[in-house]
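K.L.:
Following is a predicted model, sequence given first.
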Amino acid sequence: MKKVILLVIPILLLAACASQDGGMGPGMGGNGMMERHHAEIPTEYAGLTNPIPADKESLERGSELYTVNCASCHGDGGMGDGPAGSALDPAPSPIAHSSQMMADDYLFWRISEGGVPFGTSMPAWAVFDEQSRWDLINYMRALGDGTVQPISGMGGTAYDPEIQAAQQAEILAKAVEQNVITEEEADTFTTVHDAVEQYRLAHPEVVQSGGNATEREATILAALVEEKIITQAQADAFTDIHDRLGNSGLMP
Ligand code: HEC
């Protein structure tokens, strides 16, 4: 019985997506992860930094909270593939990955207020004291950078940058097919995106500098142009391609 239900729901979701015809436009309420990442962080959260060191104790507390409260939707490894999440639209985010890109203030805001500002099914976790919310952030980051191994329980794969890259390639191929971008633009996007990721890994202080993704991305692109890793034209093209992908609804 359970099997049947699990099979039917994704088909219904697919049908619903297909009938949307072209996906989500900018006016359709910000259901895309990209739009949430670029949203303005409310002033009471903006600039907050994690006061709890990611030591063994914090990771243990975070792990316990995560396994009980989050893994059902976000998956054991934080890839967004927990069993309770498969029927949700938008789907649970791959927080093992998001937490590498997004600053403390964004993550703390999103855990505290959940999907309320965006009308999604992400619950608000303000019932947890602040330390617990920071412990969760430490744990999500540790899942994403491989410091901890996922505890299996709910289901879902461990974070794997190669899976992430394959998913991105698939989205870009679809965008080319649907004439959202050209093949050349897909290549530019991949080149610049990889450079940005590498820069992020080499400069964790930029991720921690707070602010939303728009500001941080502009800072990183400027630095990459300055260091002659990419050209100004590539940086400009990237921002434009990024916007079109975001508006197309193809990016999660
Ligand atoms: C009922 C399913 C569900 C549970 C349980 C859940 N989440 Fe989520 N979460 C979601 C969905 C759906 C999204 C994507 C929509 C959004 O960002 O509002 C999300 C998004 C997020 C984001 C934003 C990530 C990003 O890239 O923007 C964070 C952070 C997060 N969840 C953390 C947690 C933590 C920590 C817990 C446990 C304390 C948790 N979630 C429990 C469904 C869930």
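P.N.:
Happy to help now that I have it. All values reported here derive from a predicted model rather than from experimental measurement.
K.L.:
Where do the helices of the stretch 101-250 of the chain begin and end?
P.N.:
Remark: helices assigned in the stretch 101-250 of the chain by DSSP state H, counting those that start in this stretch are 104-113, 130-145, 161-177, 183-202, 204-207, 213-226, 232-248.
K.L.:
Which of the ones you listed has the lowest mean pLDDT?
P.N.:
Sorting these by mean pLDDT places helix 204-207 lowest, at a mean of 77.
K.L.:
elements contacting that helix?
P.N.:
Applying 3 or more C-beta pairs under 8 Å, 6 or more residues apart in numbering; DSSP states H and E, one finds that helix 204-207 contacts helix 183-202, helix 213-226. Where C-beta positions appear, they are placed from N, C-alpha and C, glycine not excepted.
K.L.:
Measure how buried the nearest residue to Ile52 once chain neighbours are set aside is and give me the count.
P.N.:
Nearest residue to Ile52, sequence neighbours excluded (C-beta to C-beta, 6 or more residues apart in numbering): Trp134, at 4.1 Å. Trp134: 25 surrounding residues under other C-beta atoms under 10 Å.
K.L.:
Could you measure from Trp134 over to the ligand?
P.N.:
11 Å (C-beta to the nearest ligand atom, to the nearest Å).
K.L.:
circling back: using CSV, please lay out the helices of the stretch 101-250 of the chain together with distance to Tyr66.
P.N.:
Supplementary listing: those in CSV, determined by distance: least, C-beta to C-beta, whole Å:
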stretch, distance to Tyr66
helix 104-113, 11
helix 130-145, 5
helix 161-177, 20
helix 183-202, 23
helix 204-207, 20
helix 213-226, 23
helix 232-248, 28
